[in-house]
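>>> Build the 3D model from these lines:
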Amino acid sequence: MANITTNKGTFWGYETDLQVINSDGTYTFTTKKPRGYGLTIEFEIPFNTDGSIQQFTVTLYNISEEHAAVLKKGNHVKVTSGPTDLFSKLTEGTIISTEEDPDDNLDYPIKLNCLGGVDYSKTKNIYSTASGSKDVKHAVTIKKGEVIKWNTTKRLKVKLTFKKGTKPSTIMKRIIRQAKMTVKIKHLKTDKPIKKAYTLSAKPFNALQSLAKQCGSKLYFTPDGWVIDDFSKPDVYKDHIYLTSNELASEPTKNEDDDGKVTYSFTTALDPRIYGGVIIDLNSRTVDGFVRVISGEHDSADWTTQCEVEEVG
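Residues are numbered from 1 along each chain as shown. Down below sits the predicted model:
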């Protein structure tokens, strides 16, 4: 593992941008002054590495009715936030519902409930591009003793099948391409050719999750989109974040589940560089060394990032 660490970033001057994209264009709500004078944007944005579809919330205060009309179900949103030196995208997704409080004449808050990333879990089944068909017989009785018969050909949906010896990476790339999903395969722990033919019987996203797991890897969402990774090869082109006890709200708390798996939890100043799968060089009394983020949340209420991490060798 490349030991590249940085203390880059001055944690002050937090601002937030919310971009809303619809068929008419892109609208940007910002807390930056003077353009965003009087506007407040709050958010709670969770992240993880378990592949589940995450929901996040964004609440806007002090916007006009005209601007509020843009905040509609189905519109795409991007949340960018952070201190001056580290201002960058936290997440993006789709508005699934809104909550308004018109009785609050002072702030007129509008809460957006959003689905993180692109929800590929509902992508329809895909089939082979090879043609399949069967003959269908038809018969209609005109009058007693007189029947008209004819045959037609019905096109069949043939399930996507891969022959023995195909690599899982090949199968996944084909599924991603044909289902028109944007998923990056970073690294697979194993990519051994399959020992028997594989037929796609599940929906594309579910199939990717299953295949990734079979390869010792995970499918999960990051600010850069969906990725498949086994975490064995950190991105050496990105700096590992360096944190000491001075940057933490308190010493990391040790957690142990029923299976004996150990993780650590801590809270630090909100840092857009932290999300699922990221490597942190953590120097504290509780744990000293490289850890990987497995889950957490960005919260604008007190400008913090909460993390659950695991040690890596």
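
>>> does Met172 count as helix, strand or coil?
Here Met172 takes the helix state, with states given by DSSP: H, G, I helix; E, B strand; the rest coil.

>>> And for the nearest residue to it once chain neighbours are set aside, the neighbour number?
If the residues on either side of it in the chain are set aside, Met172 comes closest to Leu211, at 5.4 Å by C-beta to C-beta, 6 or more residues apart in numbering. To be clear about C-beta, it is placed using only N, CA and C from the backbone, and glycine gets the same treatment. Leu211: 22 surrounding residues under other C-beta atoms under 10 Å.

>>> Quick check: the gap between Leu211 and Arg285.
For Leu211, the distance to Arg285 (C-beta to C-beta, to the nearest Å) stands at 41 Å.

>>> go on, Phe266?
Counting by C-beta to C-beta - Phe266 and Arg285 are separated by 12 Å.

>>> who's more crowded, the two?
Using other C-beta under 10 Å as the criterion, Phe266 and Arg285 rank with Phe266 on top: 25 against 8.

>>> ok, now which ones touch the closest residue to Ser217 other than its chain neighbours?
Using C-beta to C-beta, 6+ apart and skipping the chain neighbours, the partner closest in space to Ser217 is Asp230 (4.1 Å). Contact analysis of Asp230 by C-beta atoms under 8 Å, 6 or more residues apart in numbering lists 187-189, 215-218.

>>> Equivalent analysis for Ile96, please.
Taking C-beta under 8 Å, 6+ apart, we find Ile96 in contact with 55, 73, 113-115.

>>> Check for me that the residue nearest to Met172 belongs to a helix.
Yes. Per three-state DSSP, Leu211 lies within a helix segment.

>>> doesn't Lys167 make contact with it?
No. Contact criterion C-beta atoms under 8 Å: Leu211 and Lys167 do not qualify, at 10.5 Å.

>>> Just list whatever residues bridge to the residue positioned nearest the centre of the chain.
The C-alpha lying nearest the average C-alpha coordinate of the chain belongs to Phe221 (C-alpha atoms, centre = their mean; 2.7 Å). Listed by DSSP bridges, the beta-bridge partners for Phe221 are Trp226.
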